[in-house]
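Peer 1: the sequence and its predicted three-dimensional model are supplied below.
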Amino acid sequence: MSAQIPVKPSVNDLAATATAAVKQRGPAPVHLWNPPFCGNIDMRIARDGTWYHEGGPITRPAMVKLFSSILRKDGDAYFLVTPVEKVGIIVEDAPFVAQDFTVAGSGADQTLTFETHIGETATAGPDNPIRVDITGEDPAPYVTIRANLEAKIDRKTFYRMVELGEEQTIESTNWFGVRSCGVFFPMIPASDLD
C-alpha cells in the first residue's frame, strides 16, 4: 500500500474550499484546523498589501477578503489554511495595512480602533498590541489585527496616532507612546525625541 502524496491545490480549488469553510462572517477558525501541508503556492502579499498570484495582482476585493480570512501565521511563516489543506505563501512585511483609525474616549479610557485596507477592524489593547520597530532608518509601526497577524500602520495614520502620544516612565526609562484600552504602548524613548 503506497502513501498518498498531497497534491498542491489550484487557487480555484483553494477558493472553493475556503468559501465552503467560511460560512460565518469574518475570519475562519483556522487556529482549530490542522490539515496536511500541501506545499507552497505562487502567492504573495506585497509590502503595500496587494495580493499577487502567479505574478499578477488579485484585483477582485472579494477574493482578497476570502483568502485573508483563511490566513494564518505559524512561527515566521504564513499559510492559507482550510479544514483539508494548508499551503504556504510569501508575505513581504505584514499581511495587512492599517489605513485609518478612530478614537473613542480620552485618557485611560481612550481606545484606538484601526481599519485595514480590506475593511477589517481591530481595537488596540492587550490582545491587539501596537509595536514600533525602530531598528531601521524610519520607525515601522504595526498593530496586531488578529491571531498573530499584524497590519503595518501607514504613514498618515502613524502621524495621526503620534499626535495622541504621551510620556510614561517604564522601568526608570521615560517612553513616548499611545494608550488604548487601558494599555500604554511605548514607541520610542522620550530622550530620542529631542
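Peer 2: Right, received. Where do you want to start?
Peer 1: roughly how far apart are the closest residue to F37 other than its chain neighbours and K65?
Peer 2: Counting by CB to CB, 6 or more residues apart in numbering, K86 is the residue found nearest to F37 once chain neighbours are left out, at 5.0 Å. To be clear about C-beta, it is placed using only N, CA and C from the backbone, and glycine gets the same treatment. Separation of K86 from K65 (CB to CB, to the nearest Å) stands at 20 Å.
Peer 1: next one: E167
Peer 2: 39 Å.
Peer 1: try N34
Peer 2: With distances taken as CB to CB, N34 is found 24 Å from K65.
Peer 1: these two: which is more packed in?
Peer 2: For N34 against K65, the residue with the higher neighbour count under other CB atoms under 10 Å is K65, and the figures read 15 against 9.
Peer 1: can you pull the contacts of the more buried one?
Peer 2: 118-119 (CB atoms under 8 Å, 6 or more residues apart in numbering).
Peer 1: how about the secondary structure of it?
Peer 2: Three states are possible here, and by DSSP: H, G, I helix; E, B strand; the rest coil the one that applies to K65 is helix.
Peer 1: likewise for F79?
Peer 2: Classified using three-state DSSP, F79 is strand.
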